Structure formats: C-alpha cells, structure tokens
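Q: make a model of this:
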Amino acid sequence: MTYPEAVKYLESFINYEKESRYNYTSSFKLDRMRRLAEILGNPHEGIRSIHVAGTKGKGSTASFIYSILKSSGFKVGLYTSPHLVSFRERIRINDSLISEEDIALLAGKLQPAVKKLGYDAPTFFEVYTALAYLYFRKEKVNFAVYEVGLGGRLDATNIIDPLVSVITPISYEHMDKLGHSLREIAYEKAGIIKENGVSVSAPQEKEAFIEIERICREKRSKFVSVGRDITFKETGSGEEGEVFDIKGICGEYNGLKMRLLGTHQIANAATAIGAIEALGPMGIMIGEDAVREGIESARWDGRIEIAGRRPYIILDGAQNRASARALAEAVKKIFKYDNLILVLGVSKDKDLEGILDEILPMAKNVIATRSKISERARDPSDIKEAIQKKTPDFSNITVTQNVREAMGLACTQAQERDLILVTGSLFIVGEARESGACRVNG
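A: Numbering: from 1, shown residues only. So this is what the prediction gives:
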C-alpha cells in the first residue's frame, strides 16, 4: 500500500470529529476496539503509558508530560487529536512525526484486521488509534502518552492500562453526547480512571471535582489534586512565556520557565508535574533538571500561538466559554495593541454564545468564516446573526466563506499596532496556519 492509498483508506472510515449525527453510546464501542486490538496482537500492551482526558488543556498537558519524559532521555510516543494541517501530527516519537512510509506500512497491516470485524466497522479514530498502538510497539518506545479523543469512558484509547490517569479542567462540551451537567461530563471523562491506579486532576469546578473524587474512591485509585496537593504561583509573564513556581508532592520547582502563554498553562504544567511525580513510587525517578528542561522546551501549536507581529497574529483553538475566557484574559494581560480584529469560525455543536460573551467585547471588527474540511462547520451568516442578536449596535461584521479569504481581509484591515485573533476551532487555526497569511509582516 502506498501513502496516498493509505490516506484514502483511512479517510474511508466515519470520522466523528467531523460529524455530529451519531449516537454516542451506540457508535463508540470499547468491545469493538478491544477486538481490533486483539486481532492485531494487542500492540498497546507492554508499553508504559500515561492517559490524559479533560475538556481543555489536555493536549498541552500531554505535551508537557511527553516533553519531560523526553528530557529524561526516554524514547517517548505522543498520540493527540485533532491535527492542525496533517494527520501525521497526531502520532510522533521524540519530535518526529510518523513518516508517510510507516503510515502506508501499518495501514497495510490494519486492513486485513479490520476486515475480520465484518459489518461492525471501526471509526476513523479507532483505526488511527490502532495505528498508533502498532507504531509505538514497532518503534519500541519507553513510554506512550495518549490524549483522549472524546469523553473518556468509551474512547478508543481507553483499552490501555496506564501508569497514571490525568484529568485536565472539565467544562461544558459535547453535551449531546457527554451530558448536560458538569457531574455527567466528569463521569465520562473520569472513565479513564483505573482500579487501584493513580489519578492526577487539574483544578476543577466543585461539581466536577466531587465526581472525580467519588470515582477515585470507588476504584481505590490514589487521587492527587492540583490546587490542594500541588500548588503553583505565577511570578512573571510576557510574550516570551511564563515564569512560575510549583510546590509538588515530592519537591519544589522555583523559577520554572515555559514558552506556552497564559496563566492556564501554568495549571497544565503543574498537572503534568503531578503525573511525573506519581511515577516515582513505581521506580521511575525523573530529576528536577529534566522537569525544568521539559517544561521550557514544550511546544503546542495553535494555543495562543504568535504567528505574526506588526500586526500581531494570534492563533488559538478556543471552542467553549471556559477556553475563550482563558484566551481573553491572556491576550489582555500579555499583548499591547490598538484594535483587535477577530477571525471567528466554529462548529455547529460548539458554544458560540459562550465564545462571543468572552471575546466579542474585545473586538473592533469581526470576520466570520468557516472551515473547508469540517462537515460540522457553522455557516458564517449564523455567526453574524448571533452577534447582531447579542449586540445590535455592533455592525463591523464581515462574512467570508473560507479561512484564506478571511485572513487576507484581516491583514488588509489591520494596522501595524493592531492584533488579529484567530479562534473558535482548531480547524480554523490549522487552515489559517496553512494559508500563508499568517506570515504577513511576521
């Protein structure tokens, strides 16, 4: 199988990241994923792993954990979703994306295994997760860090038996699938917690915290809470990154530096350090130097990413109220600018009203747009209508039908001291990066 053939094969499966009309509990089946893994020889077994679920910050937290383990000299695999430009970004080892040759090779191994499932066809995410399992086994990684795709309890990654289960901040998302209360959503996310395991949680809203703590107690999982057992303090911030102190379970880390921007990323870093410290009693000792180097060298594109200056071009995939609030707070604190031009595109199932509540007050102009690849993309005219309904006096709204057009218009409107903020969806961010407009005046 060639790489183009492999891509065509993988894309032939239903992609629930792009579609929303399927029932969560009937479409997502761990039994099917277990059968597929068994046919493949259970490639996920025998690899030390860390599992990360949550609503916001799970990709950043997974990246911090991955970076610290790399800095300790380990060969580490990282599996995340979605991607910004190429789905090769989802699978990497020590900063090298999976190659086209390996995708072709492993897709060829997957094809006969999938056929054995018969009519119970797997989803795109299940097939790609299985490909990650095969790749990490083939490359004999020392550790694998897995980010949950959707929810946790029924997610394709939840057949692993991780050393540590990590829960990042939980807020409202995918309510049609995960539940309409924080307790219900937390129940799904905390489905990755294992019997007699170790669990680390980021700071949570009270309702979510109570549910996570209950599940840990029920499963006799040791529970470490950031904000209670691990504390952090910001000591400096700017365009170059954050400076902060963390008091962990096993030690204190003063004067830590990271390039990721925003106070919320400090909480993610503290959660990652909690997961790393949890490995100590298992005989996996990670030194302070590795923690410092790993935090400072961590990268996570599309999260308050500075893609240009004069004018600033800031990319961030905020897609719910909580993420939009964190983004708004970071932009106001870190950047000095005259006017903010908002390039906004969202999926139909995302919290448009919450995003507008947090970010619209900052904007002088809004350019509504849509992703060219997401079947769930909301019509830009609907975004305009929602803005006018919320703020009748706000008239500086332009509707565009693709991100390239939106970015070109934004760069035309912006003066040197302005800021273009691209947000609402990682699909939008990825297409903005790919458009080339992000390099204008950069």
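Q: low pLDDT regions in the stretch 1-150 of the chain?
A: Residues of the stretch 1-150 of the chain that meet the criterion pLDDT under 70 lie in 16-29.
Q: now do the strands in it.
A: 48-53, 76-79, 91-93, 96-97, 143-147 (DSSP state E, counting those that start in this stretch).
Q: likewise for the stretch 201-350 of the chain?
A: Assigned strands in the stretch 201-350 of the chain, in chain order: 222-225, 231-238, 241-247, 252-258, 305-308, 312-315, 340-344 (criterion: DSSP E, counting those that start in this stretch).
Q: can I get these in CSV with distance to Ala363?
A: C-betas here are computed from N, CA, C, even on glycine. Shown next, in CSV, are the strands of the stretch 201-350 of the chain (distance: least, C-beta to C-beta, whole Å):
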stretch, distance to Ala363
strand 222-225, 36
strand 231-238, 23
strand 241-247, 25
strand 252-258, 28
strand 305-308, 18
strand 312-315, 12
strand 340-344, 4
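Q: still on that earlier bit, with distance to Arg34 and mean neighbour count added, can I get the strands of the stretch 1-150 of the chain in a markdown table?
A: Output for the strands of the stretch 1-150 of the chain, formatted as a markdown table (distance: least, C-beta to C-beta, whole Å; neighbours: other C-beta atoms under 10 Å):
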| stretch | distance to Arg34 | mean neighbour count |
| --- | --- | --- |
| strand 48-53 | 16 | 26 |
| strand 76-79 | 17 | 26 |
| strand 91-93 | 20 | 21 |
| strand 96-97 | 27 | 13 |
| strand 143-147 | 15 | 27 |
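Q: what pLDDT, on average, does stretch 259-269 get?
A: In this model, stretch 259-269 carries a mean pLDDT of 95.
Q: revised request: answer the last question for stretch 193-206.
A: The model assigns stretch 193-206 a mean pLDDT of 97.
Q: and if you look at stretch 355-363?
A: Summarised as a single mean, pLDDT over stretch 355-363 is 96.
Q: start to end distance for it?
A: Using C-alpha to C-alpha, to the nearest Å, the end-to-end distance of stretch 355-363 comes to 12 Å.
Q: now it: how far from the chain's centre is it?
A: Centre-to-centre, stretch 355-363 and its host chain are 22 Å apart (C-alpha atoms, centre = their mean, to the nearest Å).
Q: please apply the same query to stretch 418-432.
A: On C-alpha atoms, centre = their mean, the centre of stretch 418-432 falls 15 Å from the chain's centre.
Q: how about it: buried residues?
A: Judged by neighbour count using 16 or more other C-beta atoms under 10 Å, the buried positions of stretch 418-432 are 418-432.
Q: which of the residues you listed fall in strands?
A: Judged by DSSP state E, strands contain the following of the buried residues of stretch 418-432: 419-423.
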